[in-house]
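Engineer: With the input below, show me the fold.
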Amino acid sequence: MSLDSWLLFCATETVLCFTPGPAVLLVVSMSLSRGVRAGLASSFGILSANALYFVLSATSLGAILLASWQLFSVVKWLGAAYLIWLGVRMFRSASSVSPQEDNSAAPAVHSPQRAFSLGFLTQGANPKALVFFTAILPQFIDTNFPVGIQVLLLGVSSVVIELLVLSLYAATCHTAQAWANRPRAVVWLRRTGGLLLVGAGARLAAIRRG
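Structural biologist: I've put the predicted structure just below:
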């Protein structure tokens with residue numbers, strides 16, 4: 001793989017990471033409603049799903065899964081419904097919160113482990129991710145060089161880039177999370193987080209095969 005191909009891949013990955021898709025909406029929602037720790041946990045879940053896709057792209061399993069679009073559609077709709085349900089639950093819970101209640105009592109996501117699982121589910125149920133890693137990734141591979149090493153390089157580059165971008169989103173939400181220490185802000189942050197979760201589910205449901 002040439003340096004130009006690697007730089008083009010990094011540029012493409014960066015643009016896609018900054019695009020507000022289901023993964024970005026989830027990280028922002030977790031960071032606002034549960035704090036930076038939850039936002040980073042969901043980011044690591046997203047990156048774990050991406051790492052799995054890189055492994056699949058290096059084998060024939062990726063092409064097999066890509067051909068089984070009906071199965072992916074079922075997974076996509078189940079994931080979207082779950083995100084929307086969580087968002088509605090979080091939004092409705094805000095109505096019963098007293099202004100003095102600590103934001104750490106939000107019921108929708110109770111732990112970093114749950115946030116990690118949500119991140120993995122959201123990205124894992126995103127069929128566009130499979131299309132990218134199975135159909136687009138080979139365009140950056142030079143068959144004159146060892147394919148495994150190139151996939152590893154692109155995989156590490158992708159994970160690093162997406163981690164930096166998602167961490168930036170989570171850090172940006174830190175200011176809003178600090179503002180949440182003010183009594184009346186808890187309700188509004190939960191409502192915002194709930195709406196963003198609903199938005200993440202809606203974006204996931206709206207994805208069509210390209």
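Engineer: how about the residue most central in space within the chain, what does it touch?
Structural biologist: The centroid of the chain falls nearest to A23 when counting by CA atoms, centre = their mean (2.4 Å). With contact set as CB atoms under 8 Å, 6 or more residues apart in numbering, A23 has these partners: I46, G119, T122, Q123, N126, L166, A200. (Glycine included, C-beta is placed from N, CA and C.)
Engineer: Report the rounded mean pLDDT for the particular helix or strand that has it in it.
Structural biologist: Following DSSP states H and E, one finds A23 within helix 22-34. Across helix 22-34, the average pLDDT comes to 83.
Engineer: Toward the C-terminus from that helix, list the very next helix or strand.
Structural biologist: Next element after helix 22-34 (DSSP H and E): helix 36-57.
Engineer: coming back round to it: now the angle from the helix holding A23 to helix 36-57?
Structural biologist: Orientation check (axes from the mean of the first three to the mean of the last three CA atoms, to 10 degrees): helix 22-34 against helix 36-57 gives 160 degrees.
Engineer: what separates helix 22-34 from the chain centre, distance-wise?
Structural biologist: Relative to its chain's centre, helix 22-34 lies at 8 Å (CA atoms, centre = their mean, to the nearest Å).
Engineer: Using CSV, write out every CA atom in that helix.
Structural biologist: Output of helix 22-34 as CSV, limited to C-alpha atoms (Å, rounded to 0.1, in the frame of the first residue of the first chain):
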residue,chain,number,x,y,z
PRO,A,22,-26.2,6.6,15.0
ALA,A,23,-22.8,6.0,16.6
VAL,A,24,-22.0,9.7,17.1
LEU,A,25,-25.6,10.4,18.4
LEU,A,26,-25.2,7.6,20.9
VAL,A,27,-21.9,8.9,22.2
VAL,A,28,-23.2,12.4,22.5
SER,A,29,-26.3,11.1,24.3
MET,A,30,-24.3,9.0,26.8
SER,A,31,-21.9,11.9,27.4
LEU,A,32,-24.6,14.4,28.1
SER,A,33,-26.9,12.2,30.2
ARG,A,34,-24.5,10.0,32.0
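Engineer: Now the helix ranked longest in the chain: buried residues?
Structural biologist: Ranked by residue count and defined by DSSP state H, the top helix of the chain is helix 147-179. For helix 147-179, burial by neighbour count (16 or more other CB atoms under 10 Å) applies to 150-151, 154-155, 158-159, 161-163, 165-167, 169-170, 173, 176-177.
Engineer: and the helix or strand just after that helix, how far from the chain's centre?
Structural biologist: Once the chain leaves helix 147-179, the next helix or strand it forms, by DSSP H and E, is helix 185-206. Taking CA atoms, centre = their mean, one finds helix 185-206 lying 14 Å from the centre of the chain it belongs to.
Engineer: Also stretch 120-139?
Structural biologist: Using CA atoms, centre = their mean, the offset of stretch 120-139 from its chain centre is 12 Å.
Engineer: Now S2: closest residue in space, sequence neighbours ignored.
Structural biologist: Of all residues not flanking S2 in the chain, D142 sits nearest, at 7.0 Å (CB to CB, 6 or more residues apart in numbering).
Engineer: quick one: low-confidence ranges for the chain?
Structural biologist: Along the chain, the parts satisfying pLDDT under 70 run over 58, 60-72, 93-110, 127, 135, 174-186, 207-210.
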